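Chemist: pasting the structure only:
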């Protein structure tokens, strides 16, 4: 048995073992993660530790991405100085949301993600798919980094934190200041912390199945 076959057999045994322990989330878990979860706009002063941020990333990185490309990069802004650097990019209604959050994550996509595919996707050389193909690279990076940002939201909720995603900001300002000189482009912001629920308002409607779904 070669190493690759051993690895495949181990992976198959591992997922079978997980399914033997748990086949689906219970109703309370679904409520925590999605069905009764909320985006939050106000925060308590309870701190978020670096250990928690490490834990969130360790969960987030296991989410699926195309070719395991993992293009998202995460900048954890925890200092007052860092928040002030974000402030010029924010729409006015989002300033207090960011300044009041214990942590604001700048979720970005690294347009050079494909240079790490020899590590992330070692069994086949996929670099030629991206080399010199800027539009395809940018599209792949954006789609998969957005997925990873959503995984981070789920990871934060899973360990007991609240989150508030924000797209109301000027990406160009972030890109030309904080990300200048890098191969990263900003995607969205994510506030993390322990919510002040007094700012929560009635949950907005969602489209019913018949309007959002179809069969082919």
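Modeler: It's in. Quantities reported herein were computed from a predicted structural model and do not represent experimental measurements.
Chemist: Next up, phi/psi of residue 36, please.
Modeler: phi -120, psi 10 (degrees, to the nearest 10).
Chemist: Tell me, what's the model's pLDDT at it?
Modeler: We have a pLDDT of 95 for residue 36.
Chemist: That one: neighbour count?
Modeler: 11 (other C-beta atoms under 10 Å). C-beta: built from backbone N, CA, C; applies to glycine.
Chemist: Report the contact partners of it.
Modeler: Listed by C-beta atoms under 8 Å, 6 or more residues apart in numbering, residue 36 has no contact partners.
Chemist: now swap in residue 157 and tell me
Modeler: 32-33, 37, 163.
Chemist: Helix or strand: which one has it?
Modeler: In this structure, residue 157 is located in helix 134-158 according to DSSP states H and E.
Chemist: Now whichever helix or strand comes after that helix: average pLDDT?
Modeler: Next helix or strand after helix 134-158 toward the C-terminus (DSSP H and E): strand 162-166. For strand 162-166, mean pLDDT rounds to 98.
Chemist: now swap in stretch 199-216 and tell me
Modeler: Per-residue scores along stretch 199-216 average to 96.
Chemist: Compute the first-to-last residue distance for it.
Modeler: 42 Å (C-alpha to C-alpha, to the nearest Å).
Chemist: How about stretch 116-130?
Modeler: OK, stretch 116-130 end separation, C-alpha to C-alpha: 12 Å.
Chemist: Give the buried residues for the helix holding residue 157.
Modeler: For helix 134-158, the neighbour count (16 or more other C-beta atoms under 10 Å) marks 137, 140-141, 144-157 as buried.
Chemist: With stretch 11-24 instead?
Modeler: In stretch 11-24, counting by 16+ other C-beta under 10 Å, buried: nothing.
Chemist: got it, and stretch 109-127?
Modeler: Going by 16+ other C-beta under 10 Å, stretch 109-127 has these buried residues: 109-111, 113-114, 117, 121, 126.
Chemist: now these as a markdown table including distance to residue 132?
Modeler: Listed next are the buried residues of stretch 109-127 as a markdown table, based on distance: C-beta to C-beta, whole Å:
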| residue | distance to residue 132 |
| --- | --- |
| 109 | 18 |
| 110 | 17 |
| 111 | 12 |
| 113 | 15 |
| 114 | 11 |
| 117 | 15 |
| 121 | 19 |
| 126 | 14 |
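Chemist: So which of the residues you listed belong to helices?
Modeler: Those of these mapping onto helices are residue 117, per DSSP state H.
Chemist: For residue 79, state which of the buried residues of stretch 109-127 is nearest.
Modeler: Nearest to residue 79, judged by C-beta to C-beta, of those is residue 110 at 22.8 Å.
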